[in-house]
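[1] Predicted model follows, preceded by the sequence.
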Amino acid sequence: MSEIADRKALPEGAGPIPIRDLAYADLPSVLSIERRAFLTPWSMAMFVLELSKPAGICLAAHDSETLRGYLVCSRYSDMWHLMNVAIDPAYLRQGIATALIARLLEPIEPRDKIMLEVRGSNAAAIAMYERFGFAPIGHRRRYYQDNGEDALVMEKNLSTGTP
């Protein structure tokens, strides 16, 4: 996979952490973070499937060769679906998710849309997505298996910056 150095100016709150393509070799670290970040973590097979999709974007944030966070986004026709963003719990609130989202948005075509689901109770994540121009477009009832919480569905139209 290609190395992408993310040392340029990032949106406010984003630290200068290197961002590169997520690789199969990262999966043990990804699973470690996934299990600490979520009550219902993805399986190894789910990550392998997403990494094998040629049109997807899977990114890794690393510091001193240690994975600090990752992002998984799949492409469906002219719609992108941001499926998973996780940061090592020890490194939250350091701009890592912001850096990952900023890098994700760079190669996406301006005519495309990107959508995601986020827990309605995750005010910090919702605020971050809103800073990038995502807006609520609906809800998915009982989306999260661990507690039945609804998901807020957010979307960004890259051609207009709005849903």
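    Arrived safely. Residues are numbered from 1 along each chain as shown.
[2] got the CA coordinates for the longest strand anywhere in the chain in PDB?
    Criterion DSSP state E: the longest strand present in the chain is strand 66-76. Below are the C-alpha coordinates for strand 66-76, written out as PDB (Å, rounded to 0.1, in the frame of the first residue of the first chain):
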ATOM      1  CA  THR A  66       2.100   2.400  16.400                       C
ATOM      2  CA  LEU A  67      -1.400   2.400  15.100                       C
ATOM      3  CA  ARG A  68      -3.500   5.100  16.900                       C
ATOM      4  CA  GLY A  69      -6.700   4.900  14.800                       C
ATOM      5  CA  TYR A  70      -8.200   3.800  11.600                       C
ATOM      6  CA  LEU A  71     -11.100   4.500   9.200                       C
ATOM      7  CA  VAL A  72     -13.000   2.300   6.800                       C
ATOM      8  CA  CYS A  73     -15.200   3.800   4.000                       C
ATOM      9  CA  SER A  74     -16.900   1.900   1.100                       C
ATOM     10  CA  ARG A  75     -18.100   3.200  -2.200                       C
ATOM     11  CA  TYR A  76     -21.500   2.400  -3.600                       C
END
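[3] Buried residues, that strand. List them.
    L67, R68, G69, Y70, L71, V72, C73, S74, R75 (16 or more other CB atoms under 10 Å). For glycine as for every other residue, the C-beta is placed from the backbone atoms N, C-alpha and C.
[4] among these, which two are most distant?
    Taking CB to CB as the measure, the buried residues of strand 66-76 span a maximum distance of 24.9 Å, between R68 and R75.
[5] who touches R36 in this structure?
    D88, P89 (CB atoms under 8 Å, 6 or more residues apart in numbering).
[6] helix or strand for it, which one?
    Secondary structure assigned from DSSP states H and E places R36 in helix 27-37.
[7] Past that helix, which element shows up next along the chain?
    helix 44-52.
[8] how about whichever helix or strand comes after that following helix as CSV, C-alpha atoms only?
    Downstream of helix 44-52, the first helix or strand assigned by DSSP H and E is strand 57-63. Only the C-alpha atoms of strand 57-63 are listed here, as CSV (Å, rounded to 0.1, in the frame of the first residue of the first chain):
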residue,chain,number,x,y,z
ILE,A,57,-10.8,3.8,1.3
CYS,A,58,-9.2,2.3,4.4
LEU,A,59,-6.8,4.6,6.3
ALA,A,60,-4.5,4.2,9.3
ALA,A,61,-3.2,6.9,11.6
HIS,A,62,0.1,5.9,13.2
ASP,A,63,2.7,7.6,15.5
